[in-house]
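S.K.: Let's see this in three dimensions:
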Amino acid sequence: MPANLDITGYAIVSDDDKIAGADGLTPVSLRNPKDWELYQRAQELADLVVFARRSHELEPNIHRRPRLVVSREAAGLELRPDGWWWDPRRTTWEEVAARVLPTGGRVAVGGGQVVFDLFLMIGFDGFHLSRAHGVKLPGGRSVFSAVNADVSAATVLEQHGLKLAERIPLDPTHGVEMTVWRRAPTAVSSRPSNV
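M.R.: Purely as a prediction, here's the structure:
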């Protein structure tokens, strides 16, 4: 797998850490122009954008960036007219990265929940988590499945090696704030290796 990959997740959530309503769709209450602008810029700069099948179908590829669609409908890893399709049960991320990004690059992970959970296991280098304060979506789709067990999104990110690096008042007028999470540097032991 290429060593110089940077994998960053992007999501806007409600106060109860939901990315969608009970119908599985992003409600108007979670749509914010400033968040959208930053998210689109991240996609524009990415070497690969990763989505679940439904998110891929609902979000047009306006920047014409290479896409990776996570779906059980894929035969391992296959190139289709609308992008790469990948079934993680049949092909490893290491194989995908070696084939799709052989020299490394920026990976923007746009969701949904299954994809965010998958990349928690693969390893995010960063996560941009915007929050629309004052919005709650009971019965909605959580950003991570662990949220359904009353674990906050922030705790999930911390449990997977990310630390809060920055808090940005993205759109104070509309109560939208972004927290930027980064992978914590691994501590280097000063012990000799033979101890």
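
S.K.: use CA for all of it now, contacts and neighbours both
M.R.: Fine.

S.K.: helices and strands around the lengthiest helix in the chain, which ones?
M.R.: Identified as the longest helix of the chain according to DSSP state H is helix 33-45. For helix 33-45, the elements it packs on are strand 105-111, strand 162-171, judged by 3 or more CA pairs under 8 Å, 6 or more residues apart in numbering; DSSP states H and E.

S.K.: list the contacts for residue 5?
M.R.: Contact analysis of residue 5 by CA atoms under 8 Å, 6 or more residues apart in numbering lists 104-107.

S.K.: Please pull out the lowest mean pLDDT helix or strand from this structure.
M.R.: Within the chain, no helix or strand scores below helix 53-58, which has a mean of 77 by mean pLDDT, DSSP states H and E.

S.K.: Run through the protein and note the low-pLDDT ranges.
M.R.: Applying pLDDT under 70 to the chain picks out residues 1-2, 186-195.

S.K.: ok, which stretches of it are strands?
M.R.: Per DSSP state E, the chain carries strands over the ranges 5-13, 18-20, 48-52, 67-70, 77-80, 83-86, 105-111, 126-132, 141-142, 162-171, 176-183.

S.K.: out of those strands, nearest to residue 117?
M.R.: strand 105-111 (9.0 Å; CA to CA).

S.K.: tell me which residues of the longest helix of the chain are tucked away?
M.R.: 35, 39, 42-44 (16 or more other CA atoms under 10 Å).
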